[in-house]
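>>> please find the sequence and the predicted model below.
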Amino acid sequence: MNVAAFKSFETAGKTDDSSLTDFEPVNILIVDDLPEKIFVYRAILEELHQNLIIAHSGEEALKLVLKHEFAVILLDVNMPGMDGFETASLIRKRKKSSKTPIIFLTAFNDDMNIAQGYASGAVDYLPTPIVPEVLRAKIRVFIELFQMRQQAAAQAGERAKREAAEESDRRKDEFLATLAHELRNPLAPLSNALHLLQMPEPKPEIVKSAYQIMNRQLQNMVRLVDDLLDVSRITRGKIVMRFEYIELQKAMENALETSRSMVEERGHSITLSMPDKPIIVYADMVRLSQVFSNLLNNACKYTNPGGSIEITVKAENSEVCVCIRDTGIGISEDNISVIFDLFKQVDSSLTRSQGGLGIGLTLVRSLLEMQKGTVEAFSEGLNKGSSFIVRLPISWEKSVKGKEKISASAINPNVGKILIVDDNEASAQTLAWMVEMLGYETSLAFNGPQAIQTAQSFHPHIILLDLGLPEMSGYEVCKIMRQSPSFKNTVFVAQTGWGQIKHRRQSKEAGFDYHLVKPISLSSLQEILDSLEMRKEPS
């Protein structure tokens with residue numbers, strides 16, 4: 001084509017392409033082995049203001065297709081080595097480029113070549129020499145189609161993000177409302193029980209029932225707060241797992257003991273089937289017990305009073321399978337897939353009446369995944385019961401390593417005095433009463449200096465020391481007392497509302513032997529006392 005002819009083609013049929021510039025430029029691939037033809041195609045297409053990418057061979061084109069997404073490909077048919085037909089076929093075989101429009105450019109205009117071009121995956125076939133306005137018009141169509149697809153995909157993505165955000169907000173608001181409701185629920189029976197105890201000469205059976213109610217409601221509140229803290233730690237990757245080789249049966253026994261009060265309250269019957277031979281797993285005893293306890297509590301909540309719960313433990317090759325099956329309200333097919341999602345509860349008046357935050361099953365799944373386990377839920381439908389199956393890898397070759405106990409003689413041969421330090425006087429006094437009922441002598445202090453002074457005259461064997469004290473923190477008190485030979489054998493127990501990794505590390509660095517999270521459960525304290533073999537013999 002001479003220069004004059006080219007200029008006449010170039011100026012003829014120009015249109016306004018400003019609409020194309022409203023979007024980000026798209027990629028157009030030009031494949032031709034002749035530099036002069038590439039020059040012509042560039043000149044024709046430059047006014048479209050798109051990204052023109054050049055390949056001088058079929059092989060080079062295939063490499064570029066792997067790296068970029070193209071709105072359209074202009075492909076010369078007659079090239080040395082790999083021709084246009086073969087190149088097009090290979091482009092079509094790759095998933096990423098299988099739908100990319102290909103326009104063949106060729107001087108051969110016979111029916112056989114045209115048929116072969118379409119068979120190779122071409123969407124159009126232009127003979128050379130090229131008419132500029134025709135080429136621009138065709139390319140413009142594919143650019144607009146590509147931009148429309150991008151816009152539709154972006155809108156769909158934004159819509160999906162918006163809907164996800166709205167759903168997240170809805171579930172968050174619903175969760176906060178549920179949390180407020182669940183935390184408020186125990187307050188009424190606690191308040192009523194306190195009023196009953198304050199009545200003049202209440203009947204013994206009323207006093208007993210009042211204490212049982214208060215204990216039960218307090219445990220409910222503690223469990224809710226503990227679950228919230230666990231979810232927070234897991235989502236932030238801050239939870240600590242203490243792995244060891246343990247007997248799975250022991251973890252199940254712990255869970256049954258934890259859930260016993262709920263089982264008895266609702267009159268459920270429990271059937272337990274476990275193999276005679278101990279099953280050893282590499283897990284965290286506390287967290288695995290928590291998994292089974294959460295599943296048992298879930299079965300209790302959604303099984304009508306008088307219903308039954310069946311627990312079956314079986315060894316299956318390299319795995320142990322634990323199935324907890326109930327005769328409760330069951331799970332609909334729609335809810336099976338989302339029942340382990342955070343803050344998700346089965347949306348039913350029957351289930352809503354049972355309360356809960358919708359995080360128990362999320363904890364179960366997360367804790368099991370951290371221990372290389374899995375959990376699945378099954379149900380035949382509403383009012384047909386449900387089954388939860390836990391699977392964990394078995395460690396047959398390992399034996400259970402017993403925890404070492406600290407001998408009382410290594411601490412002090414005459415143990416029995418416990419100093420309780422807490423700036424909350426009510427908390428300190430009630431804890432002292434509990435400890436005294438266990439057979440220990442106690443003394444109280446309400447700040448750091450008073451604790452040091454009292455300890456020098458009282459000579460405690462154990463100090464339950466609050467960390468958040470006025471004037472001087474519990475960390476400082478422990479560090480100071482550890483420097484004195486008088487407290488060389490004293491056992492220091494941190495009591496605090498903080499139980500994260502950094503707080504446990506800080507208490508250990510300060511010299512504490514144990515770290516208990518408030519409110520201190522009697523069982524946790526009893527475990528420490530028993531492990532030290534410190535109980536006083538009654539006189």
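Thanks, I have it. Numbers count the residues shown, from 1 in each chain.
>>> for the rest of this, base every contact and every neighbour count on C-alpha atoms.
Will do.
>>> so residue 79 makes contact with residue 59?
No. At 10.9 Å, residue 79 does not count as touching residue 59 under the criterion of Cα atoms under 8 Å.
>>> and stretch 251-260, what's buried?
For stretch 251-260, the neighbour count (16 or more other Cα atoms under 10 Å) marks 251, 252, 254, 255, 256, 258, 259 as buried.
>>> domain ranges for the protein?
3-153, 185-235, 244-393, 408-532 (automatic domain parsing).
>>> nearest to residue 167, of those domains?
domain 244-393 (11.4 Å; Cα to Cα).
>>> show the end-to-end separation of the closest one, please.
Length of domain 244-393, first residue to last, Cα to Cα, to the nearest Å: 13 Å.
>>> kindly reformat the domains of the chain as a markdown table containing mean pLDDT.
A markdown table is the format used below for these (pLDDT from 0 to 100):
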| stretch | mean pLDDT |
| --- | --- |
| domain 3-153 | 80 |
| domain 185-235 | 77 |
| domain 244-393 | 84 |
| domain 408-532 | 84 |
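>>> export those as CSV, with columns for distance to residue 160.
What follows is the domains of the chain, written out as CSV (distance: least, Cα to Cα, whole Å):
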stretch, distance to residue 160
domain 3-153, 10
domain 185-235, 23
domain 244-393, 18
domain 408-532, 36
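>>> neighbour count winner among residue 79 and residue 59?
residue 79 (18 against 14; other Cα atoms under 10 Å).
>>> A strand includes that one, no?
No. Read with DSSP: H, G, I helix; E, B strand; the rest coil, residue 79 is coil and lies in no strand.
>>> contact partners for it?
32, 33, 57, 58 (Cα atoms under 8 Å, 6 or more residues apart in numbering).
>>> isn't the first one right up against residue 80?
No. In this structure residue 32 lies outside contact range of residue 80 using Cα under 8 Å: 9.9 Å.
>>> tell me the helix or strand right after the strand or helix carrying residue 207.
Here residue 207, judged by DSSP states H and E, is contained in helix 204-235. Counting by DSSP H and E, the next helix or strand C-terminal to helix 204-235 is strand 244-247.
>>> name every strand pairing with that next one and say which way it goes.
As defined by DSSP bridges, the strand partners of strand 244-247 come to strand 280-283 (antiparallel).
>>> show the subsequent helix or strand relative to the strand it pairs with.
helix 285-301.
>>> for beta bridges, what are the partners of residue 462?
For residue 462, the beta-bridge partners under DSSP bridges are residue 418, residue 491.
>>> and residue 156, how far from residue 391?
Distance, residue 156 to residue 391, using Cα to Cα: 39 Å.
>>> for the stretch 251-400 of the chain, just list every one of the helices.
Secondary structure of the stretch 251-400 of the chain (DSSP state H, counting those that start in this stretch): helices at 285-301, 333-336, 349-352, 360-370.
>>> mind listing what's buried in the second one?
When you say that, I think you mean helix 333-336. residue 336.
>>> can you count the residues close to the closest residue to residue 314 other than its chain neighbours?
Distances taken as Cα to Cα, 6 or more residues apart in numbering put residue 321 closest to residue 314, at 5.2 Å, once the chain neighbours are dropped. The number of residues packed near residue 321 is 20, by other Cα under 10 Å.
>>> likewise for residue 203?
Counted with other Cα under 10 Å, residue 203 comes out at 11.
>>> measure residue 214 to residue 191 for me?
From residue 214 to residue 191 the distance is 9 Å (Cα to Cα).
>>> what packs against the helix or strand where residue 158 lies?
If you go by DSSP H and E, residue 158 is part of helix 132-184. Packed against helix 132-184 by the contact rule (3 or more Cα pairs under 8 Å, 6 or more residues apart in numbering; DSSP states H and E) you find helix 3-11, helix 35-45, strand 72-76.
>>> burial measure for residue 244, as a count.
Neighbours of residue 244 using other Cα under 10 Å come to 16.
>>> same check on the one 5 residues further on?
Other residues within reach of residue 249, judged by other Cα under 10 Å, total 19.
>>> residues touching it, list them.
By Cα under 8 Å, 6+ apart, the neighbours of residue 249 are 274, 278, 279.
>>> would you turn the contacts of residue 79 into JSON lines with neighbour count and secondary structure?
Below are those laid out as JSON lines (neighbours: other Cα atoms under 10 Å; DSSP: H, G, I helix; E, B strand; the rest coil):
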{"residue": "32", "neighbour count": "26", "secondary structure": "coil"}
{"residue": "33", "neighbour count": "17", "secondary structure": "coil"}
{"residue": "57", "neighbour count": "22", "secondary structure": "coil"}
{"residue": "58", "neighbour count": "27", "secondary structure": "helix"}
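>>> how about the secondary structure of residue 489?
What three-state DSSP gives for residue 489 is coil.
>>> that one: how many residues sit nearby?
Residue 489 has 14 neighbouring residues, counting by other Cα under 10 Å.
>>> how much space between it and residue 483?
Where residue 483 is concerned, residue 489 sits at a distance of 12 Å (Cα to Cα).
>>> picking that back up, any idea which of the helices of the stretch 251-400 of the chain is most buried?
Neighbour counts (mean count of other Cα atoms under 10 Å) averaged over each of the helices of the stretch 251-400 of the chain peak at helix 285-301, with a mean of 22.
>>> and that helix, what does it pack against?
Secondary-structure packing of helix 285-301 (3+ Cα pairs under 8 Å, 6+ apart): helix 248-266, strand 319-326, helix 360-370.
>>> any residues touching that helix, and which ones?
Outside helix 285-301, the residues within contact range by Cα under 8 Å, 6+ apart are 241-244, 246, 251-252, 254-256, 258-259, 262-263, 266, 268, 309, 324-326, 328, 354, 360-361, 363-364, 367-368, 388.
>>> do stretch 92-106 as well
So stretch 92-106 is contacted by 65-66, 69-78, 84, 88, 91, 117, 121-128, 142 (Cα under 8 Å, 6+ apart).
>>> which PyMOL command selects the buried ones in the contacts of residue 249?
A single PyMOL command selects the buried members of the contacts of residue 249 (16+ other Cα under 10 Å):
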select buried, resi 274+279
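>>> quick one on the thing from earlier: turn the helices and strands packed on helix 285-301 into CSV, columns for distance to residue 431.
Formatted as CSV, the helices and strands packed on helix 285-301 follow (distance: least, Cα to Cα, whole Å):
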stretch, distance to residue 431
helix 248-266, 21
strand 319-326, 37
helix 360-370, 29
